[in-house]
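J.: below are the sequence and a predicted model; questions follow.
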Amino acid sequence: MTAPTVHEHKAHAPRSIGCMIITCSDTRTADTDNSGQLIQKLLKDQGHTVVGYHLVKDDPAQIQLWIARTVTNEAVQALIINGGTGVSRRDTTFEAVDAMLEKRLPGFGELFRLLTYQEIGSPAIMSRATAGVVKGRVLFSVPGSENAVRMAMEKLILPELGHVVQQLAK
């Protein structure tokens, strides 16, 4: 008997995942958060459920509070956080997220930076996009720009979301 191929393996992944979106920004409002709205649209278009959306200041304590609240919600299997992944003084999302990760998925950040490099060149080194596992939920943290969100969602997150959740359930 041969081992199943990647495609056969992924064929058994859940098709609809319960997702929470958190936008970390000191300047955006729900009306101006185009990236958060884009994440919601792309998830819904692929048949996933948006369990909730929160806009929080780029403050580590607030970010960690929302992550902690989210991972207690049985309906949430994935968190997608956007914003605060750069290197400016106010970009603290990475530190807040990284401190809570129980397992890291370094390939996500590596591939994100590679794809970013292919699009915009060397500024890609300033991205601190990351992913990992918190209390059995997958967490993706991406930059807040619409272009970065679209690329991360279309090329990395959406193609693997069900598969990652399937693996976490094992």
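T.: Arrived safely.
J.: pLDDT below threshold where in the chain?
T.: Along the chain, the model assigns pLDDT under 70 to residues 1-4, 6, 9.
J.: what about 90?
T.: 1-15 (pLDDT under 90).
J.: report the contact partners of residue 39.
T.: Shown in contact with residue 39 (Cβ atoms under 8 Å, 6 or more residues apart in numbering): 21, 80, 82, 149, 153. Every C-beta, even on glycine, is put in place using the N, C-alpha and C of the backbone.
J.: now the closest residue to it other than its chain neighbours: phi and psi?
T.: Computed as Cβ to Cβ, 6 or more residues apart in numbering, the closest residue to residue 39 that is not its neighbour in sequence is residue 21, at 5.1 Å. Residue 21 adopts backbone torsions of phi -110, psi 130, taken as degrees, to the nearest 10.
J.: likewise residue 44?
T.: phi -60, psi -40.
J.: strands along this protein, start to end?
T.: For the chain, the strands defined by DSSP state E occupy 18-24, 49-56, 78-82, 103-104, 130-134, 137-142.
J.: dump those strands to a markdown table, plus distance to residue 67 and mean neighbour count.
T.: Conversion of the strands of the chain to a markdown table gives the following (distance: least, Cβ to Cβ, whole Å; neighbours: other Cβ atoms under 10 Å):
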| stretch | distance to residue 67 | mean neighbour count |
| --- | --- | --- |
| strand 18-24 | 7 | 25 |
| strand 49-56 | 10 | 17 |
| strand 78-82 | 7 | 27 |
| strand 103-104 | 15 | 12 |
| strand 130-134 | 6 | 21 |
| strand 137-142 | 7 | 26 |
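J.: quick one: closest of these to residue 118.
T.: Of all the strands of the chain, it is strand 137-142 that lies closest to residue 118, at 16.2 Å by Cβ to Cβ.
J.: can you list the strands that that closest one pairs with?
T.: strand 78-82 (parallel), strand 130-134 (antiparallel) (DSSP bridges).
J.: could you check how far residue 48 is from residue 17?
T.: 5 Å (Cβ to Cβ, to the nearest Å).
J.: same question for residue 68.
T.: Distance from residue 68 to residue 17, by Cβ to Cβ: 20 Å.
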